[in-house]
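Visitor: This is a predicted model, with the sequence first.
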Amino acid sequence: MSEIRTFPDFVKRLVIVVGGLVILLVVLFGVLVNTVPVVSEFNDVLLASLSNPGVMLAYLDSLGVGLNSTIFRIVVFPGFTWAALIAAEVIWFERKFLAKMQLRVGPLYAGVIAGILQPIADMIKLLFKELTAPARADKLVFYSIPLLLNAIGAALLAVLPVSEAWIIMRSDVSMLVVFAVIGFAPITVLLAGWASNSKFPFIGALRGLHQMIAFEIPMLIAALSVVLLAGTLDLVNIVQAQSSIWFIVLMPMGAIVFFCCLLAELERIPFDLPEAESEIVMGYQTEYSSMAFGNLQLGVYIRFYAMAGIFTTLFLGGWHGPMILPAGFEIANQVEWFTLKTLLVMVFMIVLRGVNPRFRMDQLLRFGWARLLVLAFVNLFLAILILQMGWFP
Amino acid sequence: MSTLSISVGPQHPGSGHFRIMVKLDGDRIVEALPDPGYVHRGEEKLAEYRNYIQNIPHFERPIVHDSSNILFAYVSAVEDLMKLEVPERGQYIRVVMAELNRIIAHLYYMAIYGIFVGHSTMFMWPMGDRELFIDVAQMISGQRVTFAFLLPGGVRNDMPEGVKERAEKACDYFEKRLVEYEKIFINNPLFERRTRGMGVLTKQDAIRLGVVGPTLRASGVKADLRKDEPYAVYDKLDFDIPVSQDGDSWARAWVHMEEMRQSMAIIRQALKDMPSGPVKLNLRGQIRAPSGETFARTEASRGALSFYLVSNGGMMPYRVRLITPSFRNMIAIPHILKGLLLADLPPAFWGLDYWPVEADR
């Protein structure tokens, strides 16, 4: 083929390539449909589902990947795909919202509406970048960290009650599962800094370790007061216990403590010390490039969504909310209220990022150990008081 | 005791074109030595091969966002050698340009200060509001950054119509914005927590180390060349010199903030009092300064800036010595960084008003 020199040349080449692909696909698909029985069956179902979507759902059910199967819940909704979509659009929203606060316009060109496809474009850009690692890095650990961080975020999704009916894993002790998974994050961060074999990532990792350990304990105690009031460790039952009154109304102090700890665990401004870019470049993420960095960011934002979801579950009444969809859509109404509340929590965290500088390490640790821990204990005693006086129905 | 030594810069988002060699004990700085010279260009030697007019754009280069103030000292030195008397309107326009430049440079300072403590909004706002004053300066001079507007004997051209209205509009808007800056940044409890009592330079130390400009005034010394040795028409204008007794990083940010207020007051007065008349002397042909030597200094946005000029009667200066405020302030870096945490390094050294290009010349 000739070189592309002008725009018409480019269009010609485009037509040839795209047209060739379409023809190739049609031929291949035709051969497949007529030879492989599963594909031909799928083809029939596809045609039938154009008039009646129920056919497709029933067919997927028969294959074991339908809406009620565990695999669908893990992979699509309310599992990884859903969380990744929310994460991507929260990245877009964060950039757009901060831009509005800062008198800028933010992402503008990718996608038709206000650069809404910018995260996707960024991901494609990252995919095409060179994957590098420091020469003396521990390669195996170094490259597994982004996946590990993703896994830690996604593991939280397993117990997140998006609605009564949509939950991946119902467990009597799902609260313990949450804290077990959260406990993995500092180890991952430390490993990331250590495996990079570089100074700034190592300092960032040590900071992350200090910070997460300091804030885990007040977080645990604040959550303990919720468990006391609800009388259960099951997140679904905790939400059901809030049907009349949300725990944020009963224990505003506990909610504030939990929220601060959440910010610190997620390393968001004003607690973004492990990745403070003017001090230690990018912290433990410094040496990552290409899609390894993309995965790291995805993991961070999936954790962001999951943790905000846990705050919603514990203090904001989970899926409870007035019925605004028509009757018959109760489950959809629950999902919608849960998502709305979670997004609201996330927006609040983003606003804080816009108006605050960051803490210093000693101030942060003093804040965690000397203020939040005390407040968490006070809140625990208040919870016991509420329970003993029978103020909570 | 084992220490970890790291280089902050020259390829670090928290440095400039220079390096601080830091020795850390844990997270605490044991020793911090600045290593300047990455952008040394030999401005003084180069000036010996350029005539007096060619040296105007040349001397803007050490500090592009404060270009009028550095030229102010240079043209004053040349005028002093040539015994020129600048027309009054020219002097007023010079003052307006100098104060516009002071605001532009201070806003730059605030923006970098914001990002160094992790405050992204405080990075974007001043960078956006700078445009207002850059626009006014552009109306006057035709350029946006390096104005090259001051000449020996006056300024390049008269102001066009409408500058006064435009400048007053910008000042009105920016005075409101400054209140918001105070709310979101200067008086932000987190920012105060970070910078209060950090990097303290006492009055005695400040004088002993010879720091200048807002850094000196933040340490409680009321020293400003615009008041102490009034040049141009500063003695006819009414303004204050903000002085803080704290001497810490917060006080330095506050002094910059208040100086912007005073600069706006000066701009308003200068535009109001400005007489009509010529703006420059008509110098014909090649400028040749008679032999002799002179010393001129002005208060640039970062502090006292001095020019020592020797002429042997030729077309080009025989020797130029340029003493910039950043170089004087750099001496305080190891002094204030010792004992701080690594996290305090960027805001602490930026608070000193150190600009590597200006210091290296």
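Guide: Great, that's in hand.
Visitor: Make sure B:Ala32 is indeed in a strand.
Guide: Yes - the secondary structure assignment for B:Ala32 places it in a strand, going by DSSP: H, G, I helix; E, B strand; the rest coil.
Visitor: Spatially nearest residue to it, not counting backbone neighbours?
Guide: Setting aside the residues directly before and after it, B:Ala32 is nearest to B:Leu337 in space (C-beta to C-beta, 6 or more residues apart in numbering or on different chains), at 3.8 Å. Bear in mind the C-beta positions are built from the backbone N, C-alpha and C, glycine included.
Visitor: mind listing what the one you found touches?
Guide: With contacts defined as C-beta atoms under 8 Å, 6 or more residues apart in numbering or on different chains, B:Leu337 is in contact with B:Ile20, B:Val22, B:Ile29, B:Ala32, B:Gly199, B:Asp344, B:Leu345, B:Ala348, B:Phe349.
Visitor: Farthest-apart pair in these, please.
Guide: For the contacts of B:Leu337, the farthest-apart pair by C-beta to C-beta is B:Val22 and B:Gly199; their separation is 14.4 Å.
Visitor: Which of these two has more residues huddled nearby?
Guide: Taking other C-beta atoms under 10 Å in any protein chain shown, B:Val22 and B:Gly199 do not tie; B:Gly199 has more neighbours (26 against 20).
Visitor: isn't the more buried one right up against B:Pro346?
Guide: No - under the criterion of C-beta atoms under 8 Å, B:Gly199 lies out of contact with B:Pro346, with a separation of 11.1 Å.
Visitor: and B:Phe307, what are its bridge partners?
Guide: With DSSP bridges applied, the residues forming beta bridges to B:Phe307 are B:Ala296, B:Leu322.
Visitor: which ones are touching A:Glu330?
Guide: A:Met323.
Visitor: And the strands in chain B?
Guide: For chain B, the strands defined by DSSP state E cover B:4-8, B:19-25, B:28-35, B:150-151, B:154-155, B:292-300, B:303-311, B:319-323.
Visitor: Pick out the residue closest to the middle of the chain.
Guide: With no chain named, the answer covers chain A. The residue at the geometric middle of chain A, judged as the C-alpha nearest the mean C-alpha position with C-alpha atoms, centre = their mean, is A:Ile302 (1.9 Å).
Visitor: you looked at the wrong chain, it should be chain B
Guide: B:Ser301 (2.5 Å).
Visitor: Now do the contacts for the residue lying closest to it once chain neighbours are set aside.
Guide: In space, not counting the residues next to it along the chain, B:Ser301 is nearest to B:Ala105; the distance is 3.8 Å by C-beta to C-beta, 6+ apart. Contacts of B:Ala105 were listed using C-beta under 8 Å, 6+ apart, and they are B:Ile63, B:His65, B:Asp66, B:Asn69, B:Ser301, B:Arg302.
Visitor: again with A:Arg73
Guide: Shown in contact with A:Arg73 (C-beta under 8 Å, 6+ apart): A:Gly79, A:Trp166, A:Ile167, A:Ile168.
Visitor: hang on, it in a strand?
Guide: No - according to three-state DSSP, A:Arg73 belongs to no strand; its state is helix.
Visitor: Distance check, it against A:Leu190.
Guide: Computed with C-beta to C-beta, to the nearest Å, the distance linking A:Arg73 and A:Leu190 is 32 Å.
Visitor: where does the chain dip in pLDDT?
Guide: You didn't say which chain, so I picked chain A. When the per-residue scores of chain A are filtered using pLDDT under 70, the ranges that remain are A:1-3, A:277-279, A:393.
Visitor: try again with chain B
Guide: Within chain B, the ranges that satisfy pLDDT under 70 run B:1, B:13-15.
Visitor: Chain A contacts on that one?
Guide: When proximity is defined by C-beta under 8 Å from any C-beta of the partner chain, chain B lies next to chain A at B:4, B:6, B:12-14, B:27, B:114-125, B:128, B:184-185, B:188, B:190-191, B:193-194, B:341-346.
Visitor: rerun that using 7 Å as the cut-off
Guide: Counting by C-beta under 7 Å from any C-beta of the partner chain, the residues of chain B close to chain A are B:6, B:12-14, B:27, B:115-121, B:124-125, B:128, B:184, B:188, B:190-191, B:193-194, B:341-346.
Visitor: gap between B:Ser67 and chain A?
Guide: Counting by C-beta to the nearest C-beta, to the nearest Å, the gap from B:Ser67 to chain A is 25 Å.
Visitor: if I pick that residue, what's in contact with it?
Guide: If you count contacts by C-beta atoms under 7 Å, 6 or more residues apart in numbering or on different chains, B:Ser67 has them with B:Glu60, B:Asn101, B:Thr146, B:Phe147.
Visitor: just those residues now: which is nearest A:Leu314?
Guide: Minimum separation from A:Leu314 among the contacts of B:Ser67 (C-beta to C-beta) is found for B:Asn101, which lies at 54.5 Å.
Visitor: Surely the closest one is in contact with B:Asn69?
Guide: Yes - checked against C-beta atoms under 7 Å, the pair B:Asn101 and B:Asn69 is within contact range at 5.4 Å.
Visitor: Need the residues touching each of these two.
Guide: Overlap of the contact sets of B:Asn101 and B:Asn69 (by C-beta under 7 Å, 6+ apart) consists of B:Ser301.
Visitor: which parts of the stretch 251-393 of chain A sit against chain B?
Guide: Taking C-beta under 7 Å from any C-beta as the test, the list of the stretch 251-393 of chain A residues beside chain B reads A:269-270, A:272, A:276-279, A:281, A:354-363.
Visitor: ok, 8 Å please
Guide: So the stretch 251-393 of chain A meets chain B at A:269-270, A:272-273, A:276-281, A:353-363 (C-beta under 8 Å from any C-beta).
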